[in-house]
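Asker: Show me how the following folds:
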Amino acid sequence: MDKKVVYTSNAPEPIGPYSQAIKVGSFLYLSGQIAIDPASGELILDDIETETHQVMKNIQAILTQEKLTFKHVVKSSIFLKSMHDFARVNAVYGSYFKDTDPPARETVEVSGLPKGVQVEISITAHF
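Answerer: Numbers count the residues shown, from 1 in each chain. Now for the predicted structure:
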């Protein structure tokens, strides 16, 4: 198996025993991203829109490390603390796919997320 760990200092350091992403063949599997500012290491929790933008910026940084864009994303998983935030998260998330067909996706409500955040997103990209 041709497995490569992908890392960029432009995305948050992992907060546990996992990699930011793993490249296998023509797929890139990103670990779930939360709203940590990679420069400061601080959480960005002002509101759900700002939090979601930071998550998407973190995803974008990892994609960019491998010279990929959101056009390469084939699958997303969104984990929400509350489905009441669905429409606002969906609007921000969708803005990152405005120039491409959106990927397959599921969105689920969960009882808790790391560091008390409201949203976590993971993706799979194909190149």
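Asker: alpha carbons only for contacts and neighbour counts from here, please
Answerer: OK.
Asker: So which residues make contact with the top helix by length along the chain?
Answerer: In the chain, taking DSSP state H as the definition, the longest helix is helix 48-65. Helix 48-65 is contacted from outside by 6-8, 10-12, 20-21, 30, 33-38, 44-45, 69-70, 85, 88-89, 92-93, 96, 118-121, using CA atoms under 8 Å, 6 or more residues apart in numbering.
Asker: And the helices in this protein?
Answerer: So, for the chain - with DSSP H - the helices run 48-65, 86-95.
Asker: Which of those sits closest to L80?
Answerer: Set against L80 and scored by CA to CA, the helices of the chain come closest in helix 86-95, at 7.6 Å.
Asker: Just checking the distance from that closest one to the centre of its chain.
Answerer: 13 Å (CA atoms, centre = their mean, to the nearest Å).
Asker: for that helix, what is the average pLDDT?
Answerer: For helix 86-95, the mean pLDDT works out to 98.
Asker: Cheers, nothing more for now.
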